[in-house]
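> generate coordinates for the sequence data below:
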Amino acid sequence: MSLFSNKSSDRHDIEREIHRLSAALDELKSNVSHDSRHGIDTLRRKAESLWHDANWDAQGARLAHSTREAGRLACSTAKHHPVTSLALAAGAVALVGYLLSRR
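The predicted structure follows:
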């Protein structure tokens, strides 16, 4: 008889251990889910803060101004050094043609 009672207690212990592990797994899933939601919320708040803190209009104006200035300098340089500008343009066209012919 003791042989059968041992099996019953072993089975009961195994079922109890499975239940305990299942509960621990559910708790772990809940904690991971909460932590990931918290991490995503924190990341979203940081991104929104950076987006709102960035002064896009001022940066766009600075970029437009520096682009216009670079264009003016390029025109001025081309007027003062026409042969060099022509040679540079011919070299750029030759490079593009060479790269396209390799395709």
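> where does pLDDT dip in this protein?
Applying pLDDT under 70 to the chain flags residues 1-6.
> which parts of it are helices?
Counting by DSSP state H, the segments of the chain that form helices are 2-53, 56-80, 82-101.
> dump those helices to TSV, plus mean neighbour count.
(C-beta placed from N, C-alpha, C; glycine too.) What follows is those, written out as TSV (neighbours: other Cβ atoms under 10 Å):
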stretch	mean neighbour count
helix 2-53	10
helix 56-80	10
helix 82-101	10
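> residue 49 versus residue 58, what's the distance?
18 Å (Cβ to Cβ, to the nearest Å).
> ditto for residue 28
In this view, residue 28 and residue 49 are 31 Å apart by Cβ to Cβ.
> one more: residue 39?
16 Å.
> residue 10 now?
58 Å.
> now swap in residue 88 and tell me
Using Cβ to Cβ, residue 88 is found at 45 Å from residue 49.
> and if you look at residue 22?
For residue 22, the distance to residue 49 (Cβ to Cβ) stands at 41 Å.
> ditto for residue 76
For residue 76 relative to residue 49 (Cβ to Cβ), the value is 42 Å.
> go on, residue 19?
Here residue 19 is placed at a distance of 45 Å from residue 49 (Cβ to Cβ).
> before we move on, what about residue 55?
Relative to residue 49, and taking Cβ to Cβ, residue 55 is found at 13 Å.
> same thing with residue 36?
Taken as Cβ to Cβ, the span from residue 36 to residue 49 is 20 Å.
> got it, and residue 60?
20 Å.
> residue 95 now?
Look at residue 95 and residue 49: by Cβ to Cβ, they are 44 Å apart.
> so residue 75 versus residue 30, what's the distance?
66 Å.
> cool, and residue 23?
11 Å.
> now do residue 41
Using Cβ to Cβ, residue 41 is found at 16 Å from residue 30.
> what does residue 99 give?
For residue 99, the distance to residue 30 - Cβ to Cβ - is 57 Å.
> before we move on, what about residue 36?
The value you get for residue 36 to residue 30, if Cβ to Cβ is used, is 11 Å.
> just residue 43 next, same as before
Counting by Cβ to Cβ, the gap from residue 43 to residue 30 is 21 Å.
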